[in-house]
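Colleague: dropping a prediction and its sequence here:
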Amino acid sequence: MSTQDTYRPNVAMIIVSSNYPQKKEIFIAQRNDLLDIWQFPQGGIDQGEEVKEALFREMEEEIGTDAAEIIAEYPEWISYDFPEKIARKMKPYKGQTQRYFLLKLSKDAKINLETEHPEFSDYKYVSVKDVLNHTAHFKKPVYETVINYFKNEGLL
């Protein structure tokens with residue numbers, strides 16, 4: 001297995017409310033398995049699945065809706081390593097390599113965290129400047145890179 005193969009292919013989404021662009025508030029969800037850890041929805045890309053197909057499937061599986069439009073895509077894959085405790089559970093992967101998308105929820109989108117396999121217990125919208133105050137330490141460098149990219153593009 002090559003080093004590249006040890007990273008799980010994944011999609012991740014920065015979701016803004018239907019009030020965007022007038023109000024730039026970002027959706028974060030609280031994991032149901034870790035106390036007070038909030039994150040962006042994300043998930044694995046299945047074998048043979050297209051990235052955007054995985055994006056909307058994961059969105060539906062994690063937050064109960066896929067009623068959103070893609071505003072932008074981060075232009076490259078970005079990776080992070082799992083902390084040792086998580087890495088033991090995720091073998092053979094040592095981390096994830098992700099494609100990030102900026103999505104705007106539709107006005108009629110209905111968030112429902114009580115999905116078939118719930119991953120989140122709560123959600124909220126936070127300002128762009130506050131989002132990193134709520135997220136897991138090992139994801140912050142990736143989150144910061146992607147958020148700064150979208151800010152520099154004039155999108156956040």
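Modeller: Cool, got the structure.
Colleague: use CA for all of it now, contacts and neighbours both
Modeller: Will do.
Colleague: what ranges does this structure have for its strands?
Modeller: Ranges of strands within the chain are 7-16, 25-31, 38-39, 42-44, 68-73, 78-81, 95-105, 120-127, based on DSSP state E.
Colleague: now residue 76: how far from residue 11?
Modeller: 12 Å (CA to CA, to the nearest Å).
Colleague: returning to what we had before: would you list the strands of the chain in a markdown table and tack on mean pLDDT?
Modeller: Below are those laid out as a markdown table (pLDDT from 0 to 100):
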| stretch | mean pLDDT |
| --- | --- |
| strand 7-16 | 97 |
| strand 25-31 | 96 |
| strand 38-39 | 94 |
| strand 42-44 | 96 |
| strand 68-73 | 98 |
| strand 78-81 | 95 |
| strand 95-105 | 97 |
| strand 120-127 | 97 |
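Colleague: out of the ones you listed, nearest to residue 52?
Modeller: Closest approach to residue 52 among those is made by strand 7-16 (8.3 Å; CA to CA).
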